[in-house]
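# generate coordinates for the sequence data below:
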Amino acid sequence: MLKAKNARLTTTNSRSRVKLDPLPRFGGSKDALAGFLTLLRAYLGYYPEYFPTEADKVGFIALRLEGQALR
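Okay, here's the model as predicted:
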């Protein structure tokens with residue numbers, strides 16, 4: 001099962017923003033899929049400026065896959 005990692009608080013320009021740890025990789029387990037998708041949606045929603053297009057999102061998601069999920 002995927003586990004969320006701790007988030008870190010960073011201060012930028014006198015404004016505080018939580019910096020999320022990198023999204024864990026997904027290996028293809030059916031049991032872990034729901035958790036991965038939940039974390040993925042949260043990550044993409046939290047950093048919309050990094051993923052302005054669908055192609056950016058797809059490219060990022062592809063980099064988070066490994067093992068059976070790549071087949």
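# near Asp31, how many other residues are there?
Using other C-beta atoms under 10 Å, Asp31 has 8 other residues around it. Placement of C-beta: from N, CA and C, glycine included.
# any idea how far Leu20 is from Gly45?
Going from Gly45 to Leu20 by C-beta to C-beta, to the nearest Å gives 11 Å.
# ok, now Pro48?
Distance from Pro48 to Leu20, counting by C-beta to C-beta: 13 Å.
# between the two, which has more neighbouring residues?
Of the pair Pro48 and Leu20, Leu20 is the one with more neighbours under other C-beta under 10 Å, namely 16 against 9.
# please, which helix or strand holds Gly35?
Per DSSP states H and E: Gly35 is located in helix 30-46.
# the helix or strand that that helix is followed by vs helix 30-46, what angle?
Sequence order places helix 54-63 as the next helix or strand after helix 30-46, per DSSP H and E. On the basis of axes from the mean of the first three to the mean of the last three C-alpha atoms, to 10 degrees, helix 54-63 is oriented at 140 degrees to helix 30-46.
# in PDB, list the C-alpha atoms belonging to helix 54-63.
Only the C-alpha atoms of helix 54-63 are listed here, as PDB (Å, rounded to 0.1, in the frame of the first residue of the first chain):
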ATOM      1  CA  GLU A  54      -2.500  17.600 -20.400                       C
ATOM      2  CA  ALA A  55       0.800  16.600 -22.100                       C
ATOM      3  CA  ASP A  56       2.700  17.900 -19.000                       C
ATOM      4  CA  LYS A  57       0.500  15.800 -16.800                       C
ATOM      5  CA  VAL A  58       0.900  12.600 -18.900                       C
ATOM      6  CA  GLY A  59       4.700  13.100 -19.000                       C
ATOM      7  CA  PHE A  60       4.900  13.500 -15.300                       C
ATOM      8  CA  ILE A  61       2.700  10.500 -14.600                       C
ATOM      9  CA  ALA A  62       4.700   8.300 -16.900                       C
ATOM     10  CA  LEU A  63       7.800   9.100 -14.900                       C
END
